[in-house]
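A.B. asks: with the sequence up front, the predicted model follows.
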Amino acid sequence: MARSTKKAAPTIQRPPAEILHALELQKLQERDGKDPRPANWVLTPRSILDFILGNTALGIEPKFVGSRNSIERCIVSLATNRGLMLIGEPGTAKSYLSELLAAGICGDSTLTIQGSAGTTEDTMKYSWNYALLLAEGASDRSLVPAPLHRGMVAGKIVRFEEITRCPLEIQDTMLSILSDRVMAIPELPDEGRNLYAQMGFNVIATANSRDRGVNEMSAALKRRFNFETIVPINNLPRELELVQRQTDALLAQSNIPISLQPELTELLVTTFHELRTGKTTDGKSLEPLTTVMSTAEAVSVGHAAGIHGFYYNDGQVAAQHLVQSLLGSAIKDSQDDVKKLGHYFDRVVKDKPGEHWQQYYAARKYL
Ligand SMILES: Nc1ncnc2c1ncn2[C@@H]1O[C@H](COP(=O)(O)OP(=O)(O)O)[C@@H](O)[C@H]1O
Ligand SMILES: [Mg+2]
């Protein structure tokens, strides 16, 4: 069992990208010096690209796996007067990419609106401290800013997660903010009624293409965003590398001093890859699952299997722990998919060469 170097356990469960990668951001900022960049941006577009895709010469770790062109287009969009809309299947790292973009552009990825059926204008724009409102009336002091207000004042990026889950009229609140870059606050006295956005303010929205939502979004709102489709990683070696890196990082964070053996990572990622694409590496076609077999799910299966093996199998992670975690972490409640997974073991796993594949096949009894 490979033992990874032990790191002190962090106490914040999930530090935002700008805290987790503070040293990298600082290094890039120093390299940028006074180089030209869009007004109010912390880094130059070149450095933001390096921050996201990695730069070995500078010691910047790769984070998002995707095409350079697509990331360049995202960064360019955010320097224009349109927002950026990331669309794609669940688990393709749309939220993660928007976090990295915000951290690289303005050093703050926390101005986030979570879109849901219950999202209200208050939680997007501003609300009031009612005690102060009653005592002093509407003023800057009694106003409690929400992410859009704060982003407009500070000239920062605001993230709008799952925008299409909001009712249409709530989505359309974004229209004037994105086109005129102004927020009306009718309650305030004259001079405060219009909040004009500072340079650097922009919006990154994400939307899940499995929801019907994107089609229903108003044409007016669509026009105010540049769209970028985020696709699942289609390169097996790159997916292997990413899942290994992220699973090990999560295990270290959970105080588990082991890393997933590369043979197990291979089983895990190959299974996800083949079931997602509906094709095996040797060209057999498979029945597609209704479950989304995303890279994000593969990482959580690896993480759970690592914890399982470490605590209940004398620190040894085995193929059976992957199989057990596949059910709870990925397949969840679809009986149909459990059956299809069984077929996958009988038709595909059974014939794969190597002892680890055979142990994996033997572990199908846990399905
Ligand atoms: N192309 C990718 N690059 C980096 N991580 C990815 C990629 N695709 C999936 N992931 C995994 O997905 C996780 C983030 O998923 P998330 O941003 O919540 O997805 P989404 O918002 O698209 O549903 C990452 O932490 C990583 O484990
Ligand atoms: Mg998301």
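C.D. replies: Looks like it arrived, so ask away. Ligands and ions are numbered 1, 2, ... in the order given.

A.B. asks: make it CA atoms for all contacts and neighbour counts henceforth
C.D. replies: Fine.

A.B. asks: against ligand 1, how distant is Asn202?
C.D. replies: Taking C-alpha to the nearest ligand atom, to the nearest Å as the measure, Asn202 falls 19 Å from ligand 1.

A.B. asks: the nearest residue to that residue once chain neighbours are set aside: neighbour count?
C.D. replies: Of all residues not flanking Asn202 in the chain, Ile157 sits nearest, at 5.0 Å (C-alpha to C-alpha, 6 or more residues apart in numbering). By the criterion of other C-alpha atoms under 10 Å, Ile157 has 33 neighbours.

A.B. asks: Ser209: neighbouring residues, count only.
C.D. replies: Ser209, neighbours per other C-alpha under 10 Å, totals 17.

A.B. asks: so what pLDDT did the nearest residue to it once chain neighbours are set aside get?
C.D. replies: The shortest distance from Ser209 to any non-neighbouring residue, by C-alpha to C-alpha, 6+ apart, is to Gly88 (5.0 Å). You'll see Gly88 listed with a pLDDT of 95.

A.B. asks: ok so, going back, for the residue nearest to Asn202, what are phi and psi?
C.D. replies: The phi and psi values for Ile157, taken as degrees, to the nearest 10, are phi -80, psi 130.

A.B. asks: those residues of the stretch 251-367 of the chain touching ligand 1, which are they?
C.D. replies: 295-296, 299 (C-alpha under 6 Å from any ligand atom).

A.B. asks: output those in TSV; the columns should cover pLDDT.
C.D. replies: Output for these, formatted as TSV (pLDDT from 0 to 100):
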residue	pLDDT
Thr295	95
Ala296	95
Val299	97
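
A.B. asks: between those residues, which sits nearest ligand 1?
C.D. replies: Ala296 (3.5 Å; C-alpha to the nearest ligand atom).

A.B. asks: roughly how far apart are the closest one and Thr92?
C.D. replies: 7 Å (C-alpha to C-alpha, to the nearest Å).

A.B. asks: who's in contact with the residue nearest to Ser209?
C.D. replies: 94, 207-210, 229-231 (C-alpha atoms under 8 Å, 6 or more residues apart in numbering).

A.B. asks: and Ser109, by the same measure?
C.D. replies: Ser109 sits in contact with 16-18, 99-100, 102-103, 157-159, where contact means C-alpha under 8 Å, 6+ apart.
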